[in-house]
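Colleague: could you work out the structure for the sequence below:
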Amino acid sequence: MQKSELDNANPTILSVSQLPSRRATGGTARHGPDSKYDYAALASLSSDTPSWHSDDDIDGDYGDAHDEIWEAPVDEQEIYDLISTISDPEHPNTLGELNVVRLPDIRVTPAGQRSNLTTVLVDLTPTVNHCSLATVIGLAVRWRLEQALPPSYRVDVRMKDGSHAQDDQVNKQLGDKERVAAALENDTLRNVVDKMLETCA
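Modeller: Got it, this is the predicted structure:
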């Protein structure tokens, strides 16, 4: 794709030091071998490791890791850490660097009396309001979270109100499980999404 064909050839790009992290707020950032997501991220990439979505019992060390990983609730920063490193399909930058994914636009609602599911809501802000790849970006974010989080989490990804000229249509597509499943069965789309997720740790 030529640079002139990009939806936004000159997006605003944040430096890594400008991205939200636990270090910036005085907390402990979860990076490297102690990250609570190491096992979850690897589980979705390797066919040798069990899937969170499997009904089968998990044997050996994986069972212990599963119990320890999800003992503490996941918060907004941890969701941000999972998706901010997804690469943009047009630019050599991540969604965090392009400010498509923003920490204040992520909400985690714990399971309660009415539902035993924890809900994760992510509002995305495309770099331009006519972004032709908004649905693909949303699909990659949703796929990343669905693969990394256990089945007790419900993921809802959408365009932030007013951020896209066709946000209602894009949100309808991203909220339809059958459409999402069909999109991920399309080899061309799946290759784009897989390429975007290569930058995720």
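Colleague: between its first and last residues, how far does stretch 111-119 reach?
Modeller: Its first and final residues considered, stretch 111-119 spans 7 Å by Cα to Cα, to the nearest Å.
Colleague: any idea of the mean pLDDT for that stretch?
Modeller: Mean per-residue pLDDT for stretch 111-119: 86.
Colleague: what comes up buried for that stretch?
Modeller: By neighbour count with 16 or more other Cβ atoms under 10 Å, stretch 111-119 contains the buried residues Thr118. Using the backbone N, CA and C atoms, a C-beta is placed for each residue, glycine as well.
Colleague: what lies in contact with that stretch?
Modeller: The contact list for stretch 111-119 (Cβ atoms under 8 Å, 6 or more residues apart in numbering) reads Pro73, Val74, Arg107, Val108, Thr109, Pro110, Ser152, Tyr153, Arg154, Asp156.
Colleague: who does the helix ranked longest in the chain touch, helix- and strand-wise?
Modeller: In the chain, assigned by DSSP state H, the helix with the most residues is helix 134-148. Applying 3 or more Cβ pairs under 8 Å, 6 or more residues apart in numbering; DSSP states H and E, one finds that helix 134-148 makes contact with helix 38-45, helix 76-83, strand 118-124, strand 153-159, helix 167-175, helix 177-185, helix 187-197.
Colleague: repeat that for 6 Å
Modeller: With contacts defined as 3 or more Cβ pairs under 6 Å, 6 or more residues apart in numbering; DSSP states H and E, helix 134-148 has these neighbours: helix 76-83, strand 153-159, helix 167-175, helix 187-197.
Colleague: poorly predicted segments of the chain, please.
Modeller: Scanning the chain for pLDDT under 70 picks out the ranges 1-11, 23-72, 201.
Colleague: try 50 this time
Modeller: 1-4, 24-62, 65-68, 70 (pLDDT under 50).
Colleague: about what we covered before: who wins for most neighbours among the contacts of stretch 111-119?
Modeller: Greatest neighbour count in the contacts of stretch 111-119, by other Cβ atoms under 10 Å, goes to Val74: 23 neighbours.
Colleague: quick check: the nearest residue to it once chain neighbours are set aside vs Val120, distance?
Modeller: Counting by Cβ to Cβ, 6 or more residues apart in numbering, Val108 is the residue found nearest to Val74 once chain neighbours are left out, at 6.3 Å. From Val108 across to Val120, the span is 5 Å (Cβ to Cβ, to the nearest Å).
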